[in-house]
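Chemist: Output the structure for:
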Amino acid sequence: MITTDQTIHTFLEFFRERGHELTPGGSLIPEPGDPVLFTTSGMHPLTPYLLGRPHPMGRRLTNLQRCLRTTDLDEIGDSTHLTVFEMLGSWSLGDYEGSQSLRWGYELLRDGFGIPPDRLHVTVFGGDDQVGPDHESWQTWDELGVPVEPTTHENWWSNGPIGPCGPDSEVFIWTGHETPRGTPTSDDRWVEVWNHVMMQYLRHPDGSLEPLHRPGIDTGLGLERLVRILQNRRSVFEIDLFRPWLSTLPLLWGPLDEPSLRLLSDHLRSSIVVLGDRVSPSPTHRGHILRRLIRRTLTTLWRDDPSRTLSDLPIDLIEHTLDHFRQATDPGRIRGTLLNEEHKFDLLLQRGRKVLSRNRFTAPLGEGDYLYLHDTHGLPRELVDYLNTEDS
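Modeler: Numbers count the residues shown, from 1 in each chain. A predicted model of the protein is given here:
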C-alpha cells in the first residue's frame, strides 16, 4: 500500500521529470504585507508570479505547501476536511497551456497512482454572462475518454473579489463500492482531489475582467484526500499520517466517540503546526485562531471527563508532526505552550462559572447578556454556551 511519503515523492518526481523545478514549501505565515492570516492554498505564495513577475526558478514549478483554512473548522470530523493540510501543486508561468496540464494530470493519476480511468469524472466551466465555456478543457477530457459535467460558479476560480482568476477543471475520483454513477454535483461519493486553474484574467474592483498578458496554469491536489483514496480508507483520518494519533489518544483518555477523536486529532495536530511556524496564542489575529483551536480541543476533551489534561500528550506525537511538516522547532517549547494555554483556559472557565451563577443569568440569555459578558468579563459567546451546556 502506497504511503503518504511515497505519494509525495511520486507526484514531485513526475513533474520534475517534465522540467518543473521544485520550490521549497513555505510557512503557513504569508509574506509581510499580505492581509491574509494564513496561507490557504499552494498558489498563494506564487500570486505575484502568476500576475507576470519572472520567477527566479523558471516557468515550470512544483511543490508541496502546507495550508490552513479556518472556513473548514465546522466541517472537521467528516471524511475529507482538515484544518491544516497539504497541497501538491504544479505551475506553468506562461509556458504550456491548460490542455497539457490536464493530460499530464490524467497520466499521473492513471499510470503513476493506478487510478482506473472509469473511476474518474471531471467538471469544467460551462460559461456565464462574461466568459464563454471552456471548450479547450472540455475537448481534452473528451479525447481522454473522461466524462465531463459543466458548471458555472463551481468551476470559476478566484482568490477573492479582485485579482487573478479564470476557469478551472476539477478532477473527481469515485469512492463508492459499486459501479460509479451520477455526477460530481449529484453524488458526494465523487470526491474532488485535483483542481487545474486556467489563470487567464485579472478582475478589477468594478467586476470587469482584463485578459492577463501572460496566462498561466495553477494546479492544486489535496494530499490527504488522494492518500485516503489510494489507501482505500473511509476518511482522511484513517490514512497512515493519522495512525499515531488515532492509536494513542484513546489510550490516554479512554474511549472517545469518532467525531471527538477526529476533532482532537485534527486540532492538536494543527495547533502543533501553527506553533511550529512561530505563532503564539493571543486574543487577536493569527494567535486568536491558534487559541480557538486549543480551546475547542479542551472543551471536547473535558466534556466527558474534566480530569483529562494535555500534560498526558506524549512528546513523540509532537515530534512526529514537526518532522512531517519539516519544522525545526523545540517540541518541549510547544508542549509548554499548550500546557500554559490549558491553565489559562481553566482559570477563565472558573471565572465564567462564577459570573454565570448570578441571578441575572438564570433566564435564557439575550444578545445584551452576551455583549455584556464579552465586554465586561471577557467571556466569548462560544465559551458562555459551553458553560451553559455544562450545567444542563
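Chemist: what's the longest helix in this protein?
Modeler: In the chain, taking DSSP state H as the definition, the longest helix is helix 331-356.
Chemist: Distance check, L256 against S311.
Modeler: Computed as C-beta to C-beta, to the nearest Å, the L256 to S311 distance reads 18 Å. (Each C-beta comes from the backbone N, C-alpha and C, glycine too.)
Chemist: which residues of the chain score low on pLDDT?
Modeler: The chain contains residues with pLDDT under 70 at 72, 391-392.
Chemist: what about the strands in it?
Modeler: Assigned strands in the chain, in chain order: 21-22, 60-68, 84-92, 120-125, 148-151, 156-158, 163-174, 190-203, 209-222 (criterion: DSSP state E).
Chemist: As TSV, those strands with distance to P45 would be great.
Modeler: Output for these, formatted as TSV (distance: least, C-beta to C-beta, whole Å):
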stretch	distance to P45
strand 21-22	14
strand 60-68	7
strand 84-92	10
strand 120-125	25
strand 148-151	28
strand 156-158	17
strand 163-174	13
strand 190-203	15
strand 209-222	12
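Chemist: quick one: which of these is nearest L338?
Modeler: strand 84-92 (15.3 Å; C-beta to C-beta).
Chemist: Against which helices or strands is the closest one packed?
Modeler: Strand 84-92 sits against helix 4-16, strand 60-68, helix 98-107, strand 209-222, helix 223-230, helix 258-276, with contacts defined as 3 or more C-beta pairs under 8 Å, 6 or more residues apart in numbering; DSSP states H and E.
Chemist: Tell me which of the ones you listed sits nearest to W302.
Modeler: Comparing the helices and strands packed on strand 84-92 by C-beta to C-beta, helix 258-276 comes nearest, at 11.1 Å.
Chemist: contact partners of the closest one?
Modeler: By C-beta atoms under 8 Å, 6 or more residues apart in numbering, the residues outside helix 258-276 that reach it are 28, 66, 68, 76-77, 82-84, 235, 237, 242, 245-246, 249-250, 256, 286, 289-290, 293-294, 296-297, 300-301, 303, 313, 317-318, 321-322, 325, 327, 329, 333-334, 337-338.
Chemist: what comes up buried for it?
Modeler: For helix 258-276, the neighbour count (16 or more other C-beta atoms under 10 Å) marks 260-276 as buried.
Chemist: quick one: which of L256 and S311 has more around it?
Modeler: Using other C-beta atoms under 10 Å as the criterion, L256 and S311 rank with L256 on top: 19 against 9.
Chemist: Tell me how many other residues surround the closest residue to the more buried one other than its chain neighbours.
Modeler: Closest residue to L256 apart from its sequence neighbours, by C-beta to C-beta, 6 or more residues apart in numbering: P250 at 5.6 Å. Using other C-beta under 10 Å, P250 is surrounded by 13 other residues.
Chemist: residues contacting the most centrally placed residue in the chain?
Modeler: Central residue of the chain (C-alpha atoms, centre = their mean): F85, 4.5 Å from the mean position. By C-beta under 8 Å, 6+ apart, the contact set of F85 is 66-69, 222-224.
Chemist: cool, and E75?
Modeler: H81.
Chemist: what about it, distance to L82?
Modeler: Applying C-beta to C-beta to E75 and L82 gives a distance of 9 Å.
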